[in-house]
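Undergrad: next one to model:
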Amino acid sequence: MTLNTPLQKVLENPPAPFESGSSAVATRIVDSHNILGECIIYDNKTNRILWTDIDGKEFHSLDLSSGSHSVIKLPKILGAFGLRDEGPGYIFGWEDGFQLYDVENGTALSEMSEGEDVNPHKLPTRLNDGRCCPSGKRFICGGYYGDIEGMHMKVYKVEMTKGSDGDFKLRHEPIVDMIQVTNSICWSPDGKTKYLADSLTKTIHKYDYSPENGELSNKQVFRKLDVGVPDGSCNDADGNIWNAVFRYGAGQSFVQCMNPSGEVIFTVELPDNTSQLTCCCFGGPNLDILFVSSAKSNLEAGKEPYAGCVYAVKLEGVKGRAEDRFGLS
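TA: From the prediction side, this is the model:
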């Protein structure tokens with residue numbers, strides 16, 4: 001890694017203390033300038049941070065060992081993706097469906113998932129936020145309404161089986177029938193509580209989640225935001241929820257850490273005026289660095305010069321959860 005890079009400073013400098021009621025400031029580490037950077041996750045097997053630029057049709061990778069940032073062009077929009085427990089590639093939530101895909105080689109590893117049309121209206125509606133559940137038996141992913149008044153999408157569970165021919169087969173079915181902007185998909189450490197936001201409502205809900213069949217019940221308000229809208233979230237090992245607050249040009253964005261009761265206990269701020277934070281994850285070998293993606297969607301050129309970049313902050317006193325991996329149902 002090149003000496004004195006922003007990433008190396010984050011990795012090597014003393015961490016910021018994670019104390020209730022306090023805050024820390026993140027550092028800009030990758031000048032990616034994504035149109036819509038999203039679904040940022042950490043692969044602990046390769047020590048890489050991964051994310052998608054949805055509108056840019058790109059797959060990004062940051063190697064924390066070497067500092068190398070690579071970009072792969074995609075054939076279509078990738079809303080979300082998840083790690084696999086075995087084998088190459090990832091579970092992809094394309095704009096129009098689900099598939100196992102080896103992005104490094106540009107090769108499909110399965111047919112598209114069987115089930116109803118997840119995007120019957122086509123672009124600009126599409127799939128959006130998604131994540132593998134703690135049991136590893138399913139990938140949960142929902143839609144984005146395309147900024148079309150009165151439009152609603154669904155949230156799906158995707159399961160995988162292996163046929164007698166050795167081929168992997170995916171099948172999906174809905175678990176939420178009406179949503180406009182799917183975000184904040186994450187789970188409590190025990191895998192029994194699922195968090196989910198419909199961003200336009202400014203509200204993160206929590207559900208009872210069945211690890212056995214992936215069904216949701218007992219919907220409750222977890223927190224309604226006072227400022228901005230909830231975008232992507234992740235959980236730490238203590239069950240706190242870290243949410244990227246999207247402000248769409250209305251002021252500096254931030255990440256809020258909420259305890260399991262929904263109270264804000266910590267804030268990660270930015271060193272600049274970027275307003276469109278989109279998602280966050282814990283990464284690094286000790287899972288003590290919070291990485292945050294951002295966007296520059298429909299922003300006036302030059303208004304937010306670092307919009308679409310990636311930020312990070314190392315914290316002391318908190319540890320993330322390893323990203324769950326998708327396997328056979």
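
Undergrad: low-confidence stretches in this structure?
TA: Under the criterion of pLDDT under 70, the regions of the chain flagged as low confidence span 1-4.

Undergrad: do you know how far the spatially most central residue of it is from C132?
TA: In the chain, the C-alpha nearest the mean C-alpha coordinate belongs to C39, at 2.9 Å (C-alpha atoms, centre = their mean). Distance of C39 to C132, computed by C-beta to C-beta, to the nearest Å: 11 Å. C-beta: built from backbone N, CA, C; applies to glycine.

Undergrad: for N218, same thing?
TA: From N218 over to C132 (counting by C-beta to C-beta), the distance is 22 Å.

Undergrad: cool, and L11?
TA: Note on L11: its distance to C132, by C-beta to C-beta, is 26 Å.

Undergrad: can you check D236 too?
TA: Going from D236 to C132 by C-beta to C-beta gives 17 Å.

Undergrad: kindly report the same for E300.
TA: E300 sits 37 Å away from C132, taking C-beta to C-beta as the criterion.

Undergrad: more neighbours, the two?
TA: Here E300 and C132 are compared on neighbour count by other C-beta atoms under 10 Å; more neighbours surround C132, at 27 against 8.

Undergrad: could you pull up the residues touching the more buried one?
TA: Listed by C-beta atoms under 8 Å, 6 or more residues apart in numbering, the contact set of C132 reads G82, L83, I91, R138, F139, I140, E323, D324, R325, F326.

Undergrad: so what's the residue count around the fifth one?
TA: When neighbours are defined as other C-beta under 10 Å, F139 has 31 of them.

Undergrad: same question for the second one.
TA: The number of residues packed near L83 is 23, by other C-beta under 10 Å.

Undergrad: so it sits in a strand?
TA: Yes - the assignment for L83 is a strand, going by DSSP: H, G, I helix; E, B strand; the rest coil.

Undergrad: just give the nearest non-adjacent residue to it, would you?
TA: For L83, ignoring the flanking residues on the chain, the nearest one in space by C-beta to C-beta, 6 or more residues apart in numbering is R325 at 4.6 Å.

Undergrad: so the one you found sits against D85, correct?
TA: Yes - if you go by C-beta atoms under 8 Å, R325 and D85 touch, sitting 4.0 Å apart.

Undergrad: can you give me phi and psi for Q8?
TA: With angles defined as degrees, to the nearest 10, Q8 sits at phi -60, psi -40.

Undergrad: separation between it and R138?
TA: Using C-beta to C-beta, one obtains 38 Å as the distance from Q8 to R138.

Undergrad: neighbour-wise, which of these two wins?
TA: Remark: of Q8 and R138, R138 carries more neighbours, 23 against 15, as counted by other C-beta under 10 Å.

Undergrad: who touches that one in this structure?
TA: Contact criterion C-beta under 8 Å, 6+ apart gives C132, K157, V158, E159, G214, F326, S329 as the residues in contact with R138.

Undergrad: I'd like to know how many residues surround the fourth one.
TA: Okay, so that is E159. 21.

Undergrad: and C280, how many residues sit next to it?
TA: 26.

Undergrad: run through who's touching the helix or strand where it lies.
TA: Following DSSP states H and E, one finds C280 within strand 277-283. Contacts with strand 277-283, where a contact means C-beta under 8 Å, 6+ apart, come from 36-42, 44, 49, 51, 64, 129, 231-234, 236, 242-247, 253-255, 270, 288-295, 311, 319-321, 323.

Undergrad: relative to strand 277-283, how tilted is the helix or strand just after that strand?
TA: For strand 277-283, the succeeding helix or strand toward the C-terminus, using DSSP H and E, is strand 289-294. For strand 289-294 and strand 277-283, the angle between their directions (axes from the mean of the first three to the mean of the last three C-alpha atoms, to 10 degrees) works out to 160 degrees.

Undergrad: and the following helix or strand past strand 289-294, what's buried?
TA: Under the assignment DSSP H and E, the closest C-terminal helix or strand after strand 289-294 is strand 310-316. Neighbour counts using 16 or more other C-beta atoms under 10 Å place V310, Y311, A312, V313, K314, L315 of strand 310-316 among the buried residues.

Undergrad: that'll do, ta.
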